[in-house]
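# Compute the structure for the input listed below.
(one chain, ligands or ions: 2)
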Amino acid sequence: MGEIGAAKRQVRGRVRDARRALGAEARRRLGDALARVLEEHVPAGSRVAAYLPMPEEPDVRPFLAHHLARGGEVALPRVAETAEPQLEWVDWTLEAPTRRHPVLPLDEPEGPGREIERLLDQGPLLMLLPALAVDTRGHRLGQGGGYYDRLFARLDAAGRLTDVAAWAVVGPGEVLPPGTFPVEAHDLQVEAVVTPERLRRLVL
Ligand SMILES: Nc1nc2c(c(=O)[nH]1)N(C=O)[C@@H](CNc1ccc(C(=O)N[C@@H](CCC(=O)O)C(=O)O)cc1)CN2
Ligand SMILES: Nc1ncnc2c1ncn2[C@@H]1O[C@H](COP(=O)(O)OP(=O)(O)OP(=O)(O)O)[C@@H](O)[C@H]1O
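Ligands and ions are numbered 1, 2, ... in the order given. Prediction:
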């Protein structure tokens, strides 16, 4: 691994350690606070792409439950079983089944998956992206798979970036000054970051 990879890994490790130190009760309160922020900013009945959190990630499920109850639509990503690493998208409701990924510590939706372009054929959507940290220019540090970077590179190539509003979701203390972690040419930029405190729109 090069210097950049090592520096990203160090910041990932710090954030993961801090997240692990939180108790279940603190995580629950943060998930509820996150829901209140998202409920204020996401129009009822709109289309949202989100994620099923791993145990230490910001818990968007309270928001998703509220959004679905008010007529919203939710799609979730699944790691596709294709040769090249990519995500596919599954329409989701609270009753829909999930299954454990064979390798990653992830629950994923079951049922038919679609390419991102097919999801967007139904109209533009808001995408909530899991992240370990975001800098105030909108650069996102993810788990290190490069899945979302590839997804947005593909949307860019297809001329469909404008169909997706990308908001990263992080916990308290995870919006960092530029330079705290290195940024590479392939790293996507999000237009906003959501924390349990507030929505912060970023100047790209
Ligand atoms: N909840 C959630 N779903 C998601 C993502 C995510 O970050 N969070 N992904 C975002 O791309 C995709 C799956 N990619 C992932 C890539 C790596 C790891 C991961 O945890 N890797 C670590 C193992 C855990 C650890 O060491 O703490 C690793 O490989 O070192 C998880 C998901 C799609 N779904
Ligand atoms: N557009 C792309 N095409 C091919 N490979 C890519 C692309 N974007 C990123 N990658 C590769 O993916 C790997 C992980 O990148 P990075 O560390 O930025 O992941 P991340 O954004 O933190 O992960 P994730 O999006 O899965 O949460 C790197 O090896 C990188 O070269």
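
# How about the residue nearest the centre of the chain: which residues does it bridge to?
Among the residues of the chain, the smallest C-alpha distance to the mean C-alpha position (CA atoms, centre = their mean) belongs to Leu129, namely 1.6 Å. For Leu129, the residues forming beta bridges with it (DSSP bridges) are Ala168.

# That one and Tyr51, how far apart?
Look at Leu129 and Tyr51: by CB to CB, to the nearest Å, they are 7 Å apart. In short, each C-beta sits where N, CA and C put it, glycine included.

# likewise Gly5?
Using CB to CB, which is the criterion applied here, Gly5 is 23 Å from Tyr51.

# Val169 now?
Distance check for Val169 against Tyr51: by CB to CB, it reads 8 Å.

# Compare neighbour counts for these two and give me the winner.
For the pair Val169 and Tyr51, the greater number of neighbours falls to Val169 (27 against 22), based on other CB atoms under 10 Å.

# Give me the pLDDT value at that one.
Note for Val169: predicted pLDDT of 99.

# just checking, it touches Leu126?
No: the pair Val169 / Leu126 is not scored as a contact, 11.4 Å apart, by CB atoms under 8 Å.

# Kindly tell me how buried Leu199 is, as a neighbour count.
That count, for Leu199 with other CB under 10 Å as the rule, works out to 14.

# Enumerate every residue touching it.
Shown in contact with Leu199 (CB atoms under 8 Å, 6 or more residues apart in numbering): Val37, Leu38, Glu40, His41, Trp167, Ala192, Val193.

# what's in contact with stretch 153-165?
Residues lying outside stretch 153-165 but in contact with it, judged by CB under 8 Å, 6+ apart, are 49, 86, 116-117, 120, 123-127, 152, 186, 188, 191-192.

# Return the closest of these with respect to ligand 1.
Checking the contacts of stretch 153-165 against ligand 1 by CB to the nearest ligand atom gives Gln86 as the nearest, at 9.9 Å.

# where does that closest one fall, phi/psi-wise?
phi -160, psi 160 (degrees, to the nearest 10).

# which parts of this structure sit against ligand 2?
In this structure, the chain approaches ligand 2 at residues 8, 141-150, 153, 186-187, judged by CB under 6 Å from any ligand atom.
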